[in-house]
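Q: pasted the sequence and its predicted model underneath.
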Amino acid sequence: EYAHAMGNGLGNFYKYWDAFDKYPRLQGGFIWDWVDQALRHPGPGGRAVWNWVNTSDGANGNDGLVSADRTPQPEILEAKKVQQPVKVEGVGEGLGRVRVTNAHDFVDLSGLALEWRLLADGVAVQSGTWAEPLDVRAGESRELTLPIDPTKLGGMSETILELSFRTREEQPWAPKGHEVAWAQVPRSFPGGVIGTGAIEGEVPSPPPGTAALEIRREGGRLVLASPGFAAAFENGALVSYRLKEEELLAGPLVPHLWRVPTDNDEGGGPASFAHRWREAGLDALKTVAQEPRVERLTDNQVRVVIESHLTGKAVGLRLRTAYEVDGLGGIRVGAVFESDGKLPPLPRVGFQVQLPGTLGTAEWYGPGPHETYADRKRGARLGRFRAKVADLHFPHVMAQENGNHTDVRWVTLTDASGRGLRFFGEP
């Protein structure tokens, strides 16, 4: 046993397989383990719940790639991707040149059909199939040139070549068309870096005709407003975002260095991550903010800079947040966190905001469709995805962190009429 799949786990699994591929004397092992061991019990309201209690080793009973009812957990997709028997890498600068390696020990790849797509900013602009059999013997590689048409690409776009290897015929273990392996090869990114953030750097100008921003005080609030839009700051936080008289925030945008611990975070007693986070007080930080500094950049652009101090039981941090607001309702947020002293390994660094429950649909451009983390994201495709917010949760036996999405370029959260908010991430 070499990898632990307890709860929301299997992080850094790819590092083992990178070593297995590099060193012939390493040959793998067993994931701990295949299925959660739990018992179904009657729950509130007639619902069934899973009893996690294991008198010998607690939550360690729930360490499977699939749940006790055999529902696949997101981490199983990471295991499948990392262990897949076909490897792909780009060759040179050409859009369609790739090297396909057969990682099998005995069989060739003639039983697999190759399908490919060219993605521009997550949207397929060209697709095709490789007509001839993949004549790649076990342990060998072959270079292919796919007939990519560069005129299909627009101007500035993130370009990805996606390959999918599927069974040509029905097998005893899988139907015809079952995906055995896939790969996404970055081929170019003409757009380059999106921007430098709100703390420093040149500020892009809004389009001509953008309404001027008014700066005013309403009691303890700083309000920036233009026709049909208003943003308000209070106690060092963005507390209101109104568009056409509709409030789109249900809670303030506040600094946040906490997440719910996973089963693995809880393991280890006083040395565990979760214990050290709670001892530091990361779950109950208090924020004291200075008066905001307001700077008018143009008639329709205003920068608000807020200096804050975050305090926990045993930690302190200084925070400088800059908001660049324009008359169309766009807000760029940049922040710098600085520690006053020693910190434990941090579970998260960023901001948290509450949104109205009516914004029940999520659409994003990034890895998906399932959850991803910094150490568990190889099993997710880069693309555009759409889901109900309620469906982004995964019910582990032990309540714990789940549903994260990393490397997201943008995400839109909307109500039934399509109104809502879009958030962009900058590199």
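A: Sure, I can see it.
Q: helices of the chain, start to end?
A: Assignment of helices within the chain using DSSP state H yields the ranges 13-22, 74-83, 263-266, 273-280.
Q: of the ones you listed, which is nearest T298?
A: Ranking the helices of the chain by their distance to T298 (criterion: C-beta to C-beta) puts helix 273-280 first, at 41.9 Å. Any C-beta I mention is one placed from the backbone N, CA and C, and that applies to glycine too.
Q: ok, A225 touching L213?
A: Yes. A contact is recorded between A225 and L213 when judged using C-beta atoms under 8 Å, the distance being 7.0 Å.
Q: out of those two, which sits in the busier spot?
A: The neighbour comparison of A225 against L213 (other C-beta atoms under 10 Å) goes to L213, with 23 against 19.
Q: list the contacts for the more buried one?
A: Going by C-beta atoms under 8 Å, 6 or more residues apart in numbering, L213 touches L224, A225, S226, R296, D299, N300, Q301, V302, V325, D326, G327.
Q: give me the low-pLDDT residue ranges for the stretch 301-427 of the chain?
A: Judged by pLDDT under 70, the stretch 301-427 of the chain has its weakly predicted residues at 427.
Q: look at F30 and report its pLDDT.
A: F30 is assigned a pLDDT of 90 by the prediction.
Q: that one: neighbouring residues, count only.
A: A count of neighbours around F30, defined by other C-beta under 10 Å, yields 9.
Q: tally of neighbours for the nearest residue to it once chain neighbours are set aside?
A: Distances taken as C-beta to C-beta, 6 or more residues apart in numbering place E1 nearest to F30, at 5.0 Å, with adjacent residues excluded. If you count neighbours by other C-beta under 10 Å, E1 ends up with 9.
Q: okay, E1 and D33: tell me how far apart.
A: Remark: distance between E1 and D33 (C-beta to C-beta, to the nearest Å) = 8 Å.
Q: also D18?
A: Noted for D18: a distance of 22 Å to D33, by C-beta to C-beta.
Q: more crowded one of those two?
A: For D18 and D33, the more surrounded residue by other C-beta under 10 Å is D33, and the numbers stand at 16 against 11.
Q: just checking, the more buried one touches D63?
A: Yes. In terms of C-beta under 8 Å, D33 counts as a neighbour of D63; the distance is 5.7 Å.
Q: what sits in contact with each of those two?
A: The contact sets of D33 and D63 overlap at A5 (C-beta under 8 Å, 6+ apart).
Q: out of the contacts of L213, who's nearest E115?
A: For E115, the nearest member of those is D326. The distance, counting by C-beta to C-beta, is 43.3 Å.
Q: show me what the closest one bridges to in the sheet.
A: Listed by DSSP bridges, the beta-bridge partners for D326 are Q301.
Q: for E245, find the nearest of the helices of the chain.
A: Ranking those by proximity to E245 (C-beta to C-beta) places helix 74-83 first, at 39.6 Å.
Q: which one is G29 nearest to, not counting chain neighbours?
A: Of all residues beyond its chain neighbours, the one nearest G29 is Y2 (3.9 Å), with distances taken as C-beta to C-beta, 6+ apart.
Q: how about the contacts made by that neighbour?
A: Residues in contact with Y2, defined by C-beta under 8 Å, 6+ apart, are Y16, G28, G29, F30, I31, W32.
Q: how many residues are close by the nearest residue to the second one once chain neighbours are set aside?
A: For G28, ignoring the flanking residues on the chain, the nearest one in space by C-beta to C-beta, 6+ apart is F20 at 5.7 Å. The number of residues packed around F20, counting by other C-beta under 10 Å, is 18.
Q: any idea how far V86 is from L421?
A: Relative to L421, V86 is positioned 40 Å away (C-beta to C-beta).
Q: more crowded one of these two?
A: Higher neighbour count among V86 and L421: V86, with 20 against 17, using other C-beta under 10 Å.
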